[in-house]
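[1] Below is the structure, and that's it, no one-letter string:
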């Protein structure tokens, strides 16, 4: 699986958009970009995933660059409950494990 | 909606004892993954099962073994426990079919070895 690089931490004001970047320059054509988050010692929570098109769901938006070497997770209106570790994971097709690297600690502040 | 159920939620064992952690996947999910997360660490993949067969193996110690049963629940057996085995153990499951399905995680079992 391709490696990912994320900033170790970010701060965001409550109510503002949180934009979390991820570099995955070695991603291959059949690898998806997944985002999970982990709120203090809870089980990781799925957020969103995509292959090459931008994706949006009720939690977030995922913007993937045209060359697929990087992506950005956008939480449109961050709340204090969004404070968590966010993991960007590149994963091949169904059945393969999720490999967690060093994620980004997002702190949402009032 | 039903989620992944792990039991027990908390477990305290002494060194050299054995422990068995259980995972009940979401109904109709056929793939189970086990992860270990030490204090201040990121989750580390241990092992996975697909349709009751081991499908992938990560950094799982030889003292650990796991299996998936006919009802798709899974058990992680840990023997000769060491202090360093103290960690959160997560189980996740994913459904069959589509090639890009997400995995859903349980709330974990916190194992403390004393």
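    Everything's here; your move. None of the values given here were measured: they were computed from a predicted structure.

[2] so which helix or strand takes in residue 33?
    Just so you know, I chose chain A. Using DSSP states H and E, residue A:33 falls within strand A:32-38.

[3] looking at chain B here, not the other one
    Going by DSSP H and E, residue B:33 is part of strand B:31-37.

[4] what about residue B:30, how many neighbours?
    Neighbour count of residue B:30, defined by other C-beta atoms under 10 Å in any protein chain shown: 17. All C-beta atoms are positioned from the backbone trio N, CA, C, and that covers glycine.

[5] in the worst-scoring helix or strand of chain B on mean pLDDT, what counts as buried?
    Within chain B, no helix or strand scores below strand B:53-57, which has a mean of 91 by mean pLDDT, DSSP states H and E. Neighbour-count burial for strand B:53-57 flags residue B:55 (criterion: 16 or more other C-beta atoms under 10 Å in any protein chain shown).

[6] With adjacent residues omitted, what lies nearest to the residue of chain B at minimum distance from chain A?
    Relative to chain A, the nearest point of chain B is residue B:105 (3.4 Å; C-beta to the nearest C-beta). Once flanking residues are discounted, residue B:105 sits nearest to residue A:43: 3.4 Å by C-beta to C-beta, 6 or more residues apart in numbering or on different chains.

[7] show me the contacts for the one you found.
    Residues near residue A:43 by C-beta atoms under 8 Å, 6 or more residues apart in numbering or on different chains: B:4, B:90, B:92, B:105, B:106, B:107, B:108.

[8] in chain B, which spans are strands?
    B:5-7, B:10-13, B:19-24, B:31-37, B:44-50, B:53-57, B:64-68, B:74-78, B:87-94, B:104-105, B:109-113 (DSSP state E).
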